[in-house]
Each structure stands twice: as C-alpha cells, then as structure tokens.
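>>> Let me see the structure of the following:
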Amino acid sequence: SRAPHVNRRTLLFLCSLTLLTSCREGASPHTNGVDGDLAAIDLVPTPMVPEVSAALDAAGGNRAELERAITESQGDERKAAAWLVARTPYRGTVGEVEATLTKQPDAETLSSSLLRSHVSKAFEAWKRWPWAREVDSDTFLRFVLPYRMTTESLEDWRAYFLSQADLVAAVERFSDEYAKSADKPPVFRRLVHFLNTEWLASRMKYAPRGMPDLPPSEAIDAKTGRCTDLTNALVALCRTFGSAATGVRTIWWPRADSNHYWASIYDSSAHTWYDVDGGAGGPCVDAYFRIQHGGPHAKVYKLVPGEERGAVARAVEPYDGESIPPLLDWYLRCLPMVDVTRDYTRVADVTKGGLVAGRLYGLAVFNNGGLQEVCAGRAGPTGEVTFRDVGAEDVLYFITWFEWKDAALVQHLRAERGHHRGEP
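A predicted model of the protein is given here:
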C-alpha cells in the first residue's frame, strides 16, 4: 500500500470536512450584492481562505462562476467545491492553437454548473456504493472528488457514464455481491477487471499519437486513444462509481523507447493500490494488477490532486529568463505530481558538483534516439545539485546530466545499487 503525500494545508482542510457548519466562525459579513448574502470567501473554511482568494483573483472574468460554485453549494459539498476552486489556477486544458500546445487554466473557464455537478455526483457515489463508503476523507478528496484527470478538455464524464444503463446495472450487481461477501478484495478486483477490460476495452483500443489528451466520452466515441486517454477513461469510470483512482507516469523508459501512463486504483477493503493498464486485456489474475512491461524505471510520478505546488512542481519551476523542456512542463509543472520512484524500483541519489549556483539542471535517459528529460533540480549555493531517488537497478544503466541552456554540456553519470551518490 502506497500512501500519498499529505501537505499541512490539506490536512487542516480535511479536519474542516468533519464540521457540520459551512461558515467560518467570526467571519466578517462582507456581501456579494445578492440580498446581503455572505460573499463566497466568507463561506470558505479558514485554512483554505488564502488559496481560494488567490484562485478567485486569478479567474478574471470567470470569477463570478467560481464564486457561484461555492455560494450555491451547501455543507460539506461547499467545502469540497472550495477545495477544488483553490486548485483551478494550476490545473487546465492543454490544446493546440495554430499547431502550438497551450494551456488555459481552469480558473478562467470552469463553470459553476459543471463543478457543482461533479461535486454532488461524487458525494452521491461516496454514499451509494459499498466500496466507496470504506474510503476515508483524504482519499475521497484527492482521488474521487476531482473533476479532471490530466489536461483533457472538461466535461461531465460522471453524467456520461451514469447514462449508460448496461454499465450501471452491471456495477449494481457487483455492489450486491460486494456487500454480501466476507472476502471483498476478489470481488473488487473483478469489478475493476469488468470496468477496464470488459466495458472500456470493448469500446476503445490503443493507438499511439501525441497530445492533447482527450476527455473520456470523446476518446470512447473515437474508439481509440493513447495510454493517457485509456487511463483517464478508466480513472473517470472508477471515480464515477466511488472508487479512488489516479494516474502514474514514467516520463521516459531508461532501457526502452517511449514512455507510459497507467492507472492506480485503490481497493478500500484491502487498503491497497493496484496498478492497472488502461484498456488492458487478459484474465483477472495477480499479474493483471501490476505493470509488466518497459523494464526498469528512471523516474516514476503519481498524480496527486492537492500537490499542485508540491516538491516536484517546485523543482522544475523556471526563474525569469529560464525555460524547461516541454514534457517536463506538461507532465511535472502543469500536473500535481508526487515522486514515487522508490515504490517501483531500487533508488539512489545522483549528485554533481562544480555547477553554477542557482541554475536549473536536469537528468535524462537515452530514449527514442536522443536525450529525454526525466527530472530537474537547481544547484545550491555550493554549486552542487542532488537528484534524489533516481532508479538504480542491479544492471546499471547510464543517466545523462545536462544543463538546459547548454546542450553541449553532457556527462555520463550512473546510479548504482547500494550507492547513495552517482559518480561520473
């Protein structure tokens, strides 16, 4: 079982979810111009006020929509809506504009009706399905409640899946069996296998392509999708029926071409996270719930809503005048990723000295015929940078270090099992 990182601010908010009151004690009665009602920010739990206030400021012309999502919700759903609003400056849709990928933050586009629909359906699922009722509030907040997976266009995918009568009827049969069973994990695993292999894989197949990511209904209508599309559809399916789920990414394999994104699904009865390939075939056996291909890992990241400004995002944040490789931008800076490499492989630290203090540097692997970036770090005052938890298998592989602004500056480093320092 791999527990997600919990930051202090989120922990404080989780405590607020247990309160029955919706308003902050001692809040000053600012008005929003509607019959003297409290303004949205006065209805937000105290620990969330700075983040929600910043999100409302970032929304520009969409501010009223985000405020409405808070003021028109009630009780715990209001608190959950506020938590999601706080994430909107950092999450967004990546699309193509004149052959260039651009990101539009959710703060500027998210509608009140869509946000409130996702929140209400998530809470309904939390109460309705027996496996969902076993999910704790932190896991619900991060892995059931969120309205988006990666950078796909927004849609009400919960309504889409709930409109599929055959799907809902099948899940209800699993629900009855789960509620009566004394051995719940096998039932839950068969549910996941049904959702992924029998339902999803019969409607869409893997087909490689580039970004942007597709929303679940569009990917299913297209009948094909890349690994991210398949995984996003599976994650959305699981969340619709109250199962906690998210995605896990290896940006580039160190000994094979390309990369991969797969689903991580929480079995609340066994308190275990399963790794599942979106749209996978095969029988419902132990191997189905593990990632079987691609070889060793250089870096592995888990998408954890609430960690939008966590350690991974901060490590790749460019200063003025700096740039970072596009995939590090899309996969690590634009998504709330947590480094989980040590959950998947042996790890070591790789350190390099003699650098320019304060400058951004990175590690890469050789993939698809060239150097492909997997992580970044900034040199400290002594001119030394350390990359923590780099994959280090029994058989050594080479990791290439380079500075973004000077591609000619390349050295081979290796991370070796049992060593805590990579040596040139």
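>>> C-alpha from now on. contacts and neighbour counts both.
Noted.
>>> separation between residue 104 and residue 56?
According to CA to CA, to the nearest Å, residue 104 and residue 56 sit 15 Å apart.
>>> Pick out whichever of the two has more residues nearby.
A count of neighbours by other CA atoms under 10 Å puts residue 56 above the other of residue 104 and residue 56, at 24 against 16.
>>> Pull out the buried residues from the helix or strand hosting that one.
Assigned by DSSP states H and E, residue 56 belongs to helix 49-58. Residues 49, 51-53, 55-56, 58 are the ones in helix 49-58 that count as buried (16 or more other CA atoms under 10 Å).
>>> what's it packed up against?
If you count contacts as 3 or more CA pairs under 8 Å, 6 or more residues apart in numbering; DSSP states H and E, helix 49-58 packs onto helix 63-71, helix 75-87.
>>> Other residues contacting the longest one?
When you say that, I think you mean helix 75-87. Residues from elsewhere that reach helix 75-87, judged by CA atoms under 8 Å, 6 or more residues apart in numbering: 17, 20-22, 44-45, 48, 51-56, 66, 69-73, 107, 115-116, 119-120, 123, 141, 145-146, 306, 308.
>>> Can you flag the buried ones in these?
Buried among the contacts of helix 75-87 (16+ other CA under 10 Å): 17, 22, 44-45, 48, 51-53, 55-56, 66, 69-71, 73, 107, 115-116, 119-120, 123, 141, 145-146, 306, 308.
>>> For the helix or strand hosting residue 372, C-alpha coordinates in CSV please.
Per DSSP H and E: residue 372 is located in strand 370-378. Taking Å, rounded to 0.1, in the frame of the first residue of the first chain, the C-alpha atoms of strand 370-378 are listed here in CSV:
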residue,chain,number,x,y,z
GLY,A,370,18.1,11.1,-28.2
LEU,A,371,18.3,12.5,-24.7
GLN,A,372,14.9,12.7,-22.9
GLU,A,373,14.5,14.5,-19.6
VAL,A,374,13.1,12.8,-16.5
CYS,A,375,13.7,15.3,-13.7
ALA,A,376,15.3,18.6,-12.8
GLY,A,377,17.0,20.3,-9.8
ARG,A,378,18.6,23.6,-9.0
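>>> Please shift the residue numbers so they start at 48 in all later answers.
Got it, the first residue is 48 from now on, which makes the last one we talked about strand 417-425.
>>> how about the CA coordinates for the very next helix or strand once past it, as CSV?
As assigned by DSSP H and E, the chain's next helix or strand after strand 417-425 is strand 432-438. The C-alpha coordinates for strand 432-438 follow below in CSV (Å, rounded to 0.1, in the frame of the first residue of the first chain):
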residue,chain,number,x,y,z
VAL,A,432,22.8,19.6,-7.3
THR,A,433,21.5,16.3,-6.0
PHE,A,434,18.7,14.3,-7.8
ARG,A,435,17.0,12.2,-5.1
ASP,A,436,15.6,8.7,-5.6
VAL,A,437,16.8,8.0,-9.1
GLY,A,438,16.1,4.5,-10.3
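>>> List the strands paired with strand 432-438, with their directions.
As defined by DSSP bridges, the strand partners of strand 432-438 come to strand 394-399 (antiparallel).
>>> Quick one: mean pLDDT over the strand it pairs with.
The pLDDT scores in strand 394-399 average 86.
>>> residues of that strand that come out buried?
394-399.
>>> again, but for stretch 177-191
By neighbour count on 16+ other CA under 10 Å, the buried set for stretch 177-191 is 177-182, 184-191.
>>> what's the answer for stretch 282-297, then?
Residues 282-297 are the ones in stretch 282-297 that count as buried (16+ other CA under 10 Å).
>>> so how far does that stretch reach from one end to the other?
End-to-end span of stretch 282-297 (CA to CA): 17 Å.
>>> same thing with stretch 265-282?
Length of stretch 265-282, first residue to last, CA to CA: 15 Å.
>>> Can you measure across stretch 418-431, start residue to end residue?
Chord length of stretch 418-431, first to last residue, is 22 Å (CA to CA).
>>> pLDDT below threshold where in the stretch 348-471 of the chain?
441-471 (pLDDT under 70).
>>> Run through the strands of it in chain order.
348-350, 384-386, 394-399, 407-414, 417-425, 432-438, 445-450, 453-461 (DSSP state E, counting those that start in this stretch).
>>> now swap in the stretch 198-347 of the chain and tell me
Assigned by DSSP E, counting those that start in this stretch, the stretch 198-347 of the chain shows strands spanning 252-253, 271-272, 292-297, 307-314, 319-323.
>>> Turn those strands into TSV, including mean pLDDT and distance to residue 141.
As requested, the strands of the stretch 198-347 of the chain are exported to TSV (pLDDT from 0 to 100; distance: least, CA to CA, whole Å):
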stretch	mean pLDDT	distance to residue 141
strand 252-253	92	21
strand 271-272	92	16
strand 292-297	96	17
strand 307-314	96	17
strand 319-323	96	25
